[in-house]
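In: Quick one: sequence plus predicted model below, questions after.
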Amino acid sequence: MRSDSIKKGVARTPHRSLLMATGVSKKNMNSPFIGIASSFSDLVPGHIGMRDLERQIEKGIHTAGGQAFIFGVPAVCDGISMGHSGMQYSLPSRDLIADCIETVANAHQLDGLVLLSNCDKITPGMLIAAARINIPSIIVTAGPMLDGESRCEKLTMIKGAFEAIGKYRNGEITEERLIELEEASCPSAGACQGLYTANTMACLTEVMGMSLPYCATSAAVSSQKRRIAFESGMQIVEWVKEDKKPLDILTRDTLRNAIIADLAMGGSTNSFLHILALANDTVTSFGTVPPVTLKDFEELSYKIHQFVKLEPSSNITMTGFHNAGGIPAVVDELIKSVPEFVPNREFAGVYSDKKVIHPYSEPFTTKPGLGILYGNISPEGSVIKISAVDESCYEFEGTAKVFDSEEEAMSALENDLIKAGDVVVIRYEGPKGGPGMREMLAPTSLLVGKGLGTKAALITDGRFSGGTRGICVGHICPEAADGGVIALIKDGDKIKIDINKRTLDLVVSDEELGRRRRKLKPFVSKATGYLKKYARTVQDASHGAIV
C-alpha cells in the first residue's frame with residue numbers, strides 16, 4: 001500500500017506514534033488509509049448536512065476494512081458570493097481546492113480518497129484533484145435541495161428569489177410577497193434545485209463513473225443519500241484493493257460521454273470550463289495533449305438532441321428528475337440511441353418517466369442544450385445555453401450598451417436604462433480581467449424579471465450561473481483584458497447573435513476596429529493577494545481557465 005511509506009519499518013516508529021495519537025489502533029495500522037476530503041461548511045447551504053454524510057462514509061470505510069481520516073477543504077457558495085467582489089474568488093477556489101487535496105493526500109501518503117462535495121466549484125476542484133493525484137478515489141455529491149413552496153407555488157432559488165427582485169422592482173409583486181418568497185425558496189440543505197452548475201457537475205460526475213448511481217439526484221436530506229454515502233465508503237476500499245484509479249475511469253470516452261450528457265440535458269455553461277480543466281489534468285495518461293478540447297464540444301453540439309429539460313429551462317426540478325429515473329435513465333437512453341456514447345456502466349431496464357426523460361427519438365428539440373458561438377467578437381469561442389433561449393430569439397440583432405464591470409451594468413438595469421433591443425456588454429470580467437471570471441446571475445435574472453428575457457441580450461467575457469436564462473452569451477475569448485474585440489465595442493454599435501449559425505458578430509468594419517485598437521490602452525490589473533497570483537497565471541476560458 002502507498003501508506004506503507006509512513007507506517008512500515010523501524011524508521012517509521014515516530015510516524016506510527018503520531019498516527020496512534022489520532023486514534024489509529026495497532027490492528028488498523030495495517031488497513032488501507034482512506035482520506036475523506038470534506039467540504040463541510042456552515043456558510044454553504046449545499047454543505048451544511050455533510051457532518052451526517054461524513055459519518056456514513058466513515059462507517060462504510062471501516063465496515064469494508066479501511067481506516068478513515070477526515071480532513072477539510074474550502075467551499076464557496078456562489079449564490080451568497082454573487083453580485084459583489086466575493087464572486088472573484090469563486091472560480092479561483094476550484095484550483096485552490098484541488099491544491100489542498102493534493103497537498104494533504106500526498107503529504108500523508110493516503111491510499112484512497114472519498115471526496116465529499118456538492119456546490120459549483122467544489123465538485124470540479126475535487127475531480128481535478130482526483131485526476132492529478134491518481135490514487136483510488138470516489139466522489140459523493142451531497143445532493144439537491146428540496147423544492148420551495150409558498151401559497152401552493154413551487155419555488156426554486158432562481159425563480160423564487162433572484163428573479164423576484166426584478167418582479168418587485170417592476171411592480172409585479174409587493175414587498176410583502178418578496179419577503180415570503182425570500183423565506184420559502186430555499187427550504188433545506190442541498191444544492192439549489194435546478195440543473196444549475198452544482199447539479200450539472202454532480203450529474204456529469206455520475207455519468208463519468210466517479211460516483212455511484214443516483215448519487216447526483218438523491219436529495220441531500222434523504223435516507224437514500226445516507227445509504228449512498230455508506231456504500232461509497234465501502235466501494236473505495238474495494239477500489240484500493242483492485243488498484244482502480246481515476247485515470248482508469250476518466251478516459252477520452254468518458255469525458256466525451258460527459259459532454260454528450262451535458263448537451264442532452266442542457267446543463268450549466270460552466271461545465272465547459274470544468275470539463276476542459278479536468279481534461280488538462282488527465283494529460284499524464286494521454287501524452288501532452290488533453291483528450292478533449294473545445295472542438296469536441298463544438299463537434300458534438302451539432303449531433304446531440306436535447307431530450308431532458310429541467311429548471312431553469314422548464315419547471316421540472318432535480319426532485320422531479322430523480323423520481324423520473326435520474327442519470328441511469330439518461331445513460332440508458334444514450335447507450336441505446338447515440339453511437340458516440342461509449343458505455344462504461346450498464347443501466348438497461350432502469351425506470352424512466354418518458355414525460356420527463358423523453359425518448360431520444362422524441363426530443364424536446366433537435367438543438368443541443370448548449371452551443372459554441374464564433375465570430376469577430378469571439379474568434380476563440382463563446383458559450384450560450386441554447387435550452388434557456390426562446391426559439392423566437394435564435395436570431396437577435398441589437399444595440400450595444402457597454403459596461404466595464406458587472407456593477408455598472410446592474411446600476412443601469414436597476415435604473416431602467418436598458419430597453420428592448422439592447423445588447424448589454426459586460427467586459428473586463430474574464431479570468432484575468434475580473435480577475436476570477438464572475439458569474440452574471442444577478443444582471444441576467446434582473447433582465448428576465450423586468451420582462452426583457454426575450455427582448456434584450458447580454459454578452460460578457462465573464463460567465464453565467466447554471467440558473468441563467470435568456471439571450472446570454474458568456475466566456476467570450478479573447479477576453480477584454482487580453483485585448484479581445486469585446487474591449488473595442490462602443491455604445492451604439494450593432495451586435496448580431498445567430499444561434500442557428502452559431503455566430504456572434506460586431507457589425508463594425510475591420511478598418512474601424514483597427515483604429516480603435518490603436519487607441520486601446522493596455523489592461524492593468526488592480527488585484528491583490530491570492531487574486532493577483534491567480535490573474536498572473538490563469539489561462540483563458542477556452543482552455544478551462546486553468547492555472
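Out: Arrived safely, thanks for sending. Just so you know, these numbers come straight off a predicted model, no measurement behind them. Numbering: from 1, shown residues only.
In: Phi and psi next, for Ala68.
Out: In terms of degrees, to the nearest 10, the main-chain angles of Ala68 are phi -100, psi 140.
In: Enumerate the beta-bridge partners assigned to Lys401.
Out: Val424 (DSSP bridges).
In: Can you get me a residue count around it?
Out: Residue neighbour count, defined by other CB atoms under 10 Å, stands at 23 for Lys401. C-beta: built from backbone N, CA, C; applies to glycine.
In: check contacts around it.
Out: Taking CB atoms under 8 Å, 6 or more residues apart in numbering, we find Lys401 in contact with Ala412, Leu417, Ile418, Asp422, Val423, Val424, Val425, Asp491.
In: Report the buried members of the residues you listed.
Out: Ala412, Ile418, Asp422, Val423, Val424, Val425 (16 or more other CB atoms under 10 Å).
In: Please tabulate the contacts of Lys401 in TSV, including the columns distance to Ala131 and pLDDT.
Out: TSV is the format used below for those (distance: CB to CB, whole Å; pLDDT from 0 to 100):
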residue	distance to Ala131	pLDDT
Ala412	42	96
Leu417	45	96
Ile418	42	96
Asp422	42	98
Val423	38	98
Val424	37	98
Val425	36	98
Asp491	44	98
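In: Report the spatially closest residue to Ile173, excluding sequence-adjacent ones.
Out: Lys167 (4.8 Å; CB to CB, 6 or more residues apart in numbering).
In: Name the surrounding residues that touch the helix or strand where the one you found lies.
Out: In this structure, Lys167 is located in helix 163-169 according to DSSP states H and E. For helix 163-169, the external contacting residues (CB under 8 Å, 6+ apart) are 173-175, 177-178, 181-182, 414, 445-451.
In: Any quick ChimeraX command for the buried ones out of those residues?
Out: Listed next is the ChimeraX selection for buried residues among the contacts of helix 163-169, using 16+ other CB under 10 Å:
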select :173,178,181,414,445,446,447,448,449,450
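In: now, among the contacts of helix 163-169, which is nearest to Ser509?
Out: Leu447 (29.5 Å; CB to CB).
In: Contacts for the helix or strand where that closest one lies next, please.
Out: Here Leu447, judged by DSSP H and E, is contained in helix 441-449. Helix 441-449 is contacted from outside by 78-79, 82-83, 158, 162-170, 406, 409-410, 413-414, 418, 424, 426, 453, 456, 458, 464-465, 467-470, 472, using CB under 8 Å, 6+ apart.
In: can we see that at 6 Å?
Out: If you take CB atoms under 6 Å, 6 or more residues apart in numbering as the criterion, helix 441-449 is touched by 82-83, 162-163, 165-167, 409-410, 413, 453, 456, 458, 465, 467-468, 470, 472.
In: So for the protein, the centremost residue is which one?
Out: Thr197 (3.5 Å; CA atoms, centre = their mean).
In: mind checking how far that one is from Gly451?
Out: For Thr197, the distance to Gly451 (CB to CB, to the nearest Å) stands at 26 Å.
In: just Gly470 next, same as before
Out: Applying CB to CB to Gly470 and Gly451 gives a distance of 11 Å.
In: next one: Asn106
Out: 53 Å.
In: residues in contact with Ile316?
Out: Leu310, Val356.
In: sec struct for it, please.
Out: Assigned by DSSP: H, G, I helix; E, B strand; the rest coil, the conformation of Ile316 is coil.
In: I figured Gly430 was touching Asp461, is that so?
Out: Yes. Look at Gly430 against Asp461 with CB atoms under 6 Å: they come within range, at 3.8 Å.
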